[in-house]
Every structure is written in C-alpha cells, then in structure tokens.
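>>> Prediction below, plus the sequence it came from.
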Amino acid sequence: MNSKLKRAVAVFEALPASTRGIFWMIFASFNYAATYAVVRYLSNDFGVFQLVFFRSFLGVILMAPWIMKVGIGILRTNHFSAYLVRGSLNYVGMLLLIFALASLPLQDVTGLMFTSPLFTVLFVSIFLGEPTGPRRWAALIIGFVGAMIIIRPGFQELTLAALGVLGTSCAYAIINVSTKTLSKTDSSNKIIYYDFLMMTALSIIPAIWFWNEIRTEHFLWIIAMGIFSSLARQGIIRALAVGEASVVMPFNFLKLPFSACLGLVFFQENPDLWTGAGAAVIFASSYYIARREATLKKKD
C-alpha cells in the first residue's frame, strides 16, 4: 500500500463511525445499481439460467481465499437442510430477479426490491412469532400501497416480471428470517459461502442445458457482474457494522437514482415519476419500521 493510499485510509478511518457508515452505504448502493445494469446488458446474450450460474460460481471463486485460509472443515454443519432450503430460495429469487431485469426498466426493479424488508417483518411475525403492533402493520400496509403505485394494476399491464420482483422480495425475506437463526451458530462468511455453493450446484445443469456461447467480449462483463455484486455486499456489511441502521439505511434509497441514471444513459429508459413516488412510499415505511425497532431496543 503506497503512502498516498495509506493517508487516504487513515483520513477515512478518522471520520466518525456514522459518517463512514454513510459512505459505505452510498458505495453499496452504487454497486447494486451497477450490478443490475450489467445483468441487464448480459441478458441480451444469455438466458436467466446461465446468468444465475455465472453469478453463483463467481461468488464461490471470489470467496476462495477465505475458504483456503480457514480450511474446508469450516463447512461442517448440522444445518444442511436449512442451507439447502436457503440455496433453493436464493436460486429461485435470483432467477426471478434476472428475468425482471431483462424485462423491466432498472428503476422499476430497484423500486420494487425495496419491499423485501417489509416481507421480512411480515415473515418474522409469522414464522418466529415476534410481536407486530398496530404501527408496524400500518407501515407494512403503506409499504405495499407503494408497491401498487409502481405496478399500477388496472392502469397498465400487470406483467409477470413485476410479480417476479415481488417473488424475489418474498424469497429474500424468508432467507433473512433464516439468517437470524443460522447466525446464532454459523459465521456470516460461512452462510454466504454456502449460499453461493448451493446456488452453483442447483444452477449448473439448467445452465448447461440452455448454454449460449461465451465470446471474448463477454468475459469482462461477467467478471464485472461478480465484482460489483461482491462490492455491494461488502458495502452493506461494513455500513451496518460501523454505523447505526437508522442513520445509514436512508442512503440505501440512492439505489433508485443510481439505477435511473444508468438506465437512462445505457438503455434509454426515461425516469418515471410513479416509480419514484412508489419507491419513496415503500422506503419510508421500511425506514419507519427500522427506526422504531432501534428505538425499542434502546428502551430495553
């Protein structure tokens, strides 16, 4: 590490934790938007099964240094069935997400993906029995109204792609619920690695069956997809590690303008006021729930 980079890192580390968390969240938001854009671009030449395989296999490769460091023994587990269910949900969720990214404007997909925290709260209440008071229920209902503002059933065609994004949000919400249980015994790296491993195993046969030729110009974009996605995940983890969720999560909303800008520049997708309004409603309700939970924890 050269002296200039060391000084830059030192300056960054000297910032207040909340400020560093905000920067990490902005970093994550951009990389998520970039991931969506690259997937959209690659969908012109590859089907959803092959793209899911690329993403999953790249995840395994990028985590290879970690598994080499800690040893293969770290993968021993008494929760294999839970990991298999997670892998299956991840696989289906990613299939639906990539299908949507190939069919819908980037901004619509991004806006609808903000429903995932709402589904998480709903499923935590159903599966884990956590209490859900009237304020949470009101926020959930308002959030789903936001989703209807984006979809606008009755005013425009209700597409399978839009329903697919909501399906992805549901799948990821159930995964979030299972993470609460698995994280009590297994590290986050182990959980993530198993997710990639399971998805790779599930996706390889369909990918081979529907395989399209990979040309030289594709390799850079396929690698970029894996890098952007991994950077986004790291950004989220670091943002929540150093900053309070109630402070950093509002900056997650930047995914929408980032996606809208990339959609406009690279795919000639004009920004949609209804998508922005619906996403704002969804995000506001999710943020209210997160902030209220943080307040209740402090009281405890």
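Looks like it came in fine.

>>> shaky segments in this structure?
1-2, 9, 11-12, 127-132, 153-158, 240, 245-246, 249, 290-300 (pLDDT under 70).

>>> Give the buried residues for the helix or strand hosting Phe23.
Secondary structure from DSSP states H and E places Phe23 in helix 17-42. The neighbour-count check on helix 17-42 (16 or more other CB atoms under 10 Å) flags 20-42 as buried. (Each C-beta comes from the backbone N, C-alpha and C, glycine too.)

>>> again, but for stretch 224-242
Buried residues in stretch 224-242 (16+ other CB under 10 Å): 224-233, 235-236, 238-240, 242.

>>> Just the residues contacting it, thanks.
The contact list for stretch 224-242 (CB atoms under 8 Å, 6 or more residues apart in numbering) reads 17-18, 20-22, 24-25, 27-29, 31-32, 34-35, 38-39, 42, 54-55, 58-59, 61-62, 188, 192, 248.

>>> can you count the residues close to the closest residue to Gly87 other than its chain neighbours?
Among residues not flanking Gly87 along the chain, Met198 sits closest, at 2.3 Å (CB to CB, 6 or more residues apart in numbering). Met198 is flanked by 21 other residues according to other CB atoms under 10 Å.

>>> Next, Met198: secondary structure please.
helix (DSSP: H, G, I helix; E, B strand; the rest coil).

>>> about what we covered before: what's the spacing between the helix holding Phe23 and its chain's center?
For helix 17-42, the separation from the chain centroid amounts to 10 Å (computed by CA atoms, centre = their mean, to the nearest Å).

>>> Now for Ala280: which residues touch it?
Contact partners of Ala280, counting by CB under 8 Å, 6+ apart, are Gly146, Phe253.

>>> same question but for Tyr172, I mixed them up
Leu89, Asn90, Gly93, Ser116, Phe119, Thr120.

>>> can we see that at 10 Å?
Contact analysis of Tyr172 by CB atoms under 10 Å, 6 or more residues apart in numbering lists Leu89, Asn90, Gly93, Met94, Leu97, Met113, Thr115, Ser116, Pro117, Phe119, Thr120.

>>> now Gln107
33, 36, 150, 255-264, 269-272, 275-276, 279.

>>> In PyMOL, select just the buried ones from the residues you listed.
Buried members of the contacts of Gln107, defined by 16+ other CB under 10 Å, are picked up in PyMOL with:
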select buried, resi 33+36+150+255+256+257+258+259+260+261+262+263+269+272+275+276+279
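
>>> ok, so what distance separates the residue nearest to Asp108 when sequence neighbours are not counted from Asn189?
Spatial nearest neighbour of Asp108, excluding adjacent residues (CB to CB, 6+ apart): Thr275 at 5.4 Å. As judged by CB to CB, to the nearest Å, Thr275 and Asn189 stand 35 Å apart.
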